[in-house]
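Colleague: Can you look at this prediction? I've put the sequence above it.
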Amino acid sequence: MPEQPDHSRLSTADAHFRRWMHDNLAHAAEHFGLTVLGEPGLGRQDRSISAPVQGRGDQLWLRVVSEDRQWIEGESWTGNLEANAFANLPKPRVVAIFEWEDERHQRAELMTALPGSPCSHSTVLRHPIDLPDEWWAELRRTTTSTAAMPTHRVHADQALVTGRIQQQFGNSVNPVVRAWETVHGDLHWANLMAPAFGLLDWESWGRGPAGTDAATLLGHSLLEPHTAERVRSVFADVLTTDAGLLAQFYVAAQLLHRIDRGHHPDLAAPLRRHIDSL
């Protein structure tokens, strides 16, 4: 689920690019014979745009991603479609694809829409949230099922893990991953639906360090201590293992990298306290 962007400090070029992305969404909706409902949301770095759409009596979700041609063969380009392999999980299913060229390569993904709404407009949770036990049980079932899915897709390899950990922690943390599993790879609060559980944005799923999903959700929960404790409880058997501890260092390194680039500055202090606790 895209975060809502800050329009207050847009350069002329950024504003033009965002208008162009809105045009791309309108073009894809016209191709499918659909009507865009509501205000579209832009994804990270304005690389994608998405919105609910209506057609033939069904409400669906339409996402358009724009990329330079050199990057369109990467696994993230086909992640949502290939995630159709998770047939029994509460997630969107891609029902149609449309690609075209317009300055960059465009890919429209028409998906089923999930009920409810995202738990947060931001990836990081900044408000109390009350979710029933059934929601948390479904979250755990989903991550367990995901971990068991065989795949050749790669979310993070040893080189990436080593690079991120050494960048932030030097040689104080051994970065060698000894346990790997299939991960969603972007398990944060803007991708989680409620009141019925659902998980969005399967673009980057693939093999990664065991415990990545639990560690990612915990890292994005640290501004809400009560929720962070619930995440720790639900995933206690994952996070307290050697693999889970390494996953937390890796995710923390990823988050610190983003903080260094100006994202989520309010997360820096609780994240460093969390790192010290490890």
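Modeller: Nice, thanks for sending it over. Numbering: from 1, shown residues only.

Colleague: so where's the stretch 1-150 of the chain shaky on pLDDT?
Modeller: 1-10, 70-74 (pLDDT under 70).

Colleague: For the protein, which segments count as helices?
Modeller: In the chain, helices defined by DSSP state H lie at 12-32, 75-82, 133-147, 158-169, 212-219, 225-234, 236-239, 242-260, 268-277, listed in chain order.

Colleague: Output those in a markdown table; the columns should cover distance to W189 and mean neighbour count.
Modeller: All C-beta spots, glycine's among them, are computed from the backbone N, C-alpha and C. Shown next, in a markdown table, are the helices of the chain (distance: least, CB to CB, whole Å; neighbours: other CB atoms under 10 Å):
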| stretch | distance to W189 | mean neighbour count |
| --- | --- | --- |
| helix 12-32 | 24 | 15 |
| helix 75-82 | 19 | 19 |
| helix 133-147 | 11 | 17 |
| helix 158-169 | 22 | 16 |
| helix 212-219 | 8 | 28 |
| helix 225-234 | 9 | 16 |
| helix 236-239 | 18 | 16 |
| helix 242-260 | 14 | 20 |
| helix 268-277 | 15 | 14 |
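
Colleague: Could you point out which of those sits nearest D186?
Modeller: Nearest to D186, of all the helices of the chain, is helix 212-219, at 7.2 Å by CB to CB.

Colleague: Can you spell out which helices and strands pack onto the closest one?
Modeller: Packing partners of helix 212-219 (3 or more CB pairs under 8 Å, 6 or more residues apart in numbering; DSSP states H and E): helix 133-147, strand 180-183, helix 225-234, helix 236-239, helix 242-260, helix 268-277.

Colleague: Pull the residues that contact the second one.
Modeller: Outside strand 180-183, the residues within contact range by CB atoms under 8 Å, 6 or more residues apart in numbering are 146-151, 153, 155, 205-210, 212-213.

Colleague: Looking at those, state which has the most neighbours.
Modeller: T212 (33 neighbours; other CB atoms under 10 Å).

Colleague: burial measure for the residue nearest to that residue when sequence neighbours are not counted, as a count.
Modeller: With CB to CB, 6 or more residues apart in numbering as the criterion, T212 has its nearest non-adjacent residue at 4.3 Å, and that residue is V183. V183 has 27 neighbours, counted by other CB under 10 Å.

Colleague: From E134, how far out is V183?
Modeller: As defined by CB to CB, to the nearest Å, V183 lies at a distance of 23 Å from E134.

Colleague: any idea how far L110 is from the residue sitting furthest away from the middle of the chain?
Modeller: Residue farthest from the centre of the chain, counting by CA atoms, centre = their mean, is R56 at 29.4 Å. Distance, R56 to L110, using CB to CB: 12 Å.

Colleague: Phi first, then psi, for the residue sitting nearest the centre point of the chain.
Modeller: For the chain, the residue nearest the mean C-alpha position is D186 (3.1 Å; CA atoms, centre = their mean). With angles defined as degrees, to the nearest 10, D186 sits at phi -150, psi 50.
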